[in-house]
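J.: Sequence plus the predicted model coming up.
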Amino acid sequence: MAFVGKLAYLALFPGLLFVFLAGLAVRGIVEGMSAVVTGGSAPGRASGLRRTVRLFADESSHATGAPAALQWAAPAVKIVALSWISCLILGFLDGDLLLLFTLLLLASACDLVLVSCSSNPRVRQNVTSECAQAIGWAVPLSLVIAGVALRTGETQVSAVIRWQVANGVLVGSTAGGALSVTGSCLGMLGALAAVGCLARLRPFGRGLFGDPPAGIDSDISGPPLAVLNVSQLALYFLTPLLVVTLFLAGPSSSWYEVVFWALKVAGVIVVLGIVDVVAPRIRSGRALAWSLALGGGLALAGFILIWLGGST
């Protein structure tokens, strides 16, 4: 029945529309922060929405055969995966942490498939950077999720939230002692690095305002490109929400508790936005090294401390 419920959610509930609009708002916030820092003007969120909607009416690329099939299938698969993730994170249905991580991998793999199977050689040259981006977030986030599961003893997103409702937020709860609290704080820092890389924010990605020459969007157009834009905007909101869900969750049975949730998500957005605005863009090889060293190192240290705290 849970599987049927998820299908019904994807078909009937406009979950992705919500995270798309929220992601559009996040992008507008960060663009406003960038305008304040640089002294320029930020493009309006409405213009970004109009550009994306207009793409659905545009003519698609003239690729034929397998490239054309991938250009249509991969964005569709990615957007379904992110819809399912929004279902899990927002708590409408029970889902497990492993499924959430797998769906994130699937969404990231869609971009890699589009690049590696492109008929444009200038697009295919980005395969290395796409692989680096996927490894850069997947390794730290896997350690983060393992640490969260070890600390709470739960493997479901909704169960992790319930644990925090009963015991306090993961980074502040005294359950497990000082070692576990310290490990959770390190894990949260590792998660921030991982989701920044997943959302392609600097310094571990190309940045909110940049795109490599001859990237994915240089090879497709029309509805497939619009779907990719929608999925990227959704990630801008889903990734901060994921951090809050894993480490700063709490009750949401009344309006002020929901507002408090929103403020925590906004706080994570501001942190990621500040880093994206002030951090320089670096090459994919260095970005991979830094994401693994910083995000992976923090996540691994956090996991070890949580393990030691639970065994003492």
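T.: Thanks, I have the structure now.

J.: Please tell me I have it right and S118 contacts V127.
T.: No. Taking contacts as CB atoms under 8 Å, S118 lies outside contact range of V127: 9.1 Å. For every residue, glycine as well, the C-beta is placed using N, CA and C.

J.: out of those two, which sits in the busier spot?
T.: S118 (23 against 14; other CB atoms under 10 Å).

J.: Surely the more buried one is within a strand?
T.: No. Per DSSP: H, G, I helix; E, B strand; the rest coil, S118 lies outside any strand segment and is coil.

J.: ok, for it, nearest residue in space, not its chain neighbours?
T.: Residue nearest to S118 in three dimensions, not counting chain neighbours: D219, with 5.0 Å by CB to CB, 6 or more residues apart in numbering.

J.: and that neighbour, how many neighbours?
T.: For D219, the count of nearby residues is 21 (other CB under 10 Å).

J.: separation between it and L104?
T.: As judged by CB to CB, to the nearest Å, D219 and L104 stand 23 Å apart.

J.: Please apply the same query to R281.
T.: Distance, R281 to L104, by CB to CB: 23 Å.

J.: if we can go back for a sec, quick check: pLDDT value at the residue nearest to S118.
T.: You'll see D219 listed with a pLDDT of 72.

J.: What sits closest to V113 if chain neighbours are left out?
T.: Excluding the flanking residues, the one nearest V113 by CB to CB, 6+ apart is A74, at 5.2 Å.

J.: Spit out the contact partners of that neighbour.
T.: Listed by CB atoms under 8 Å, 6 or more residues apart in numbering, the contact partners of A74 are C110, D111, V113, L114, P224.

J.: List the buried residues in the helix or strand hosting it.
T.: Assessed by DSSP states H and E, A74 sits inside helix 66-89. Neighbour-count burial for helix 66-89, counted by 16 or more other CB atoms under 10 Å, picks out 67-68, 70-72, 74-75, 77-89.

J.: Can you name every helix or strand that the helix or strand where S184 lies contacts?
T.: According to DSSP H and E, S184 maps onto helix 177-198. Judged by 3 or more CB pairs under 8 Å, 6 or more residues apart in numbering; DSSP states H and E, the packing partners of helix 177-198 are helix 127-152, helix 222-247, helix 255-278, helix 297-311.

J.: so where's the stretch 201-312 of the chain shaky on pLDDT?
T.: 206-218, 311-312 (pLDDT under 70).

J.: Next, Q156: phi, psi?
T.: Torsion angles at Q156 (phi, psi; degrees, to the nearest 10) stand at phi -110, psi 140.

J.: wait, isn't L233 in contact with G23?
T.: Yes. In this structure L233 lies within contact range of G23 using CB under 8 Å: 3.5 Å.

J.: Pick out whichever of these two has more residues nearby.
T.: Taking other CB under 10 Å, L233 and G23 do not tie; G23 has more neighbours (26 against 23).

J.: Next, the angle helix 222-247 makes with the helix holding A74.
T.: 30 degrees (axes from the mean of the first three to the mean of the last three CA atoms, to 10 degrees).

J.: avg pLDDT for helix 66-89?
T.: What helix 66-89 shows for mean pLDDT is 82.
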